[in-house]
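Undergrad: generate a structure from the sequence data that follows.
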Amino acid sequence: MAEKLSKQERKEMAEKAMEDRAKHPKENKGESGFAAIDNEAEKLEGQNK
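TA: Numbering: from 1, shown residues only. Model prediction:
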C-alpha cells in the first residue's frame, strides 16, 4: 500500500496542481455537462441513420 503523505506533502502537491491548472486552463465551451452529452448524442444518432 502507499504510505500516507504528510500534511506538508499534501499541501505542496495541491499547490503544484493549482499552478498547473493556471498554466493550462481547460477550454470552456459555455455549456453544462448534460447539454454537452445531449449534443454529442444527437450527433451520434444522426450518424446512425
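Undergrad: what about Glu3, which SS state?
TA: When classified by DSSP: H, G, I helix; E, B strand; the rest coil, Glu3 comes out as coil.
Undergrad: so what's the residue count around it?
TA: 5 (other CB atoms under 10 Å). Any C-beta I mention is one placed from the backbone N, CA and C, and that applies to glycine too.
Undergrad: which parts of the chain are helices?
TA: Ranges of helices within the chain are 7-23, 33-48, based on DSSP state H.
Undergrad: columns mean neighbour count and mean pLDDT on top of those, output as JSON lines?
TA: JSON lines is the format used below for the helices of the chain (neighbours: other CB atoms under 10 Å; pLDDT from 0 to 100):
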{"stretch": "helix 7-23", "mean neighbour count": "10", "mean pLDDT": "94"}
{"stretch": "helix 33-48", "mean neighbour count": "9", "mean pLDDT": "87"}
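Undergrad: hang on, isn't Glu31 packed against Asn39?
TA: Yes. Here Glu31 reaches Asn39: they are 7.3 Å apart, a contact under CB atoms under 8 Å.
Undergrad: ok, Ser32 - contacts?
TA: By CB atoms under 8 Å, 6 or more residues apart in numbering, the contact set of Ser32 is empty.
Undergrad: rerun at 10 Å
TA: Residues in contact with Ser32 (CB atoms under 10 Å, 6 or more residues apart in numbering) are Asp38.
Undergrad: no further questions, thank you.
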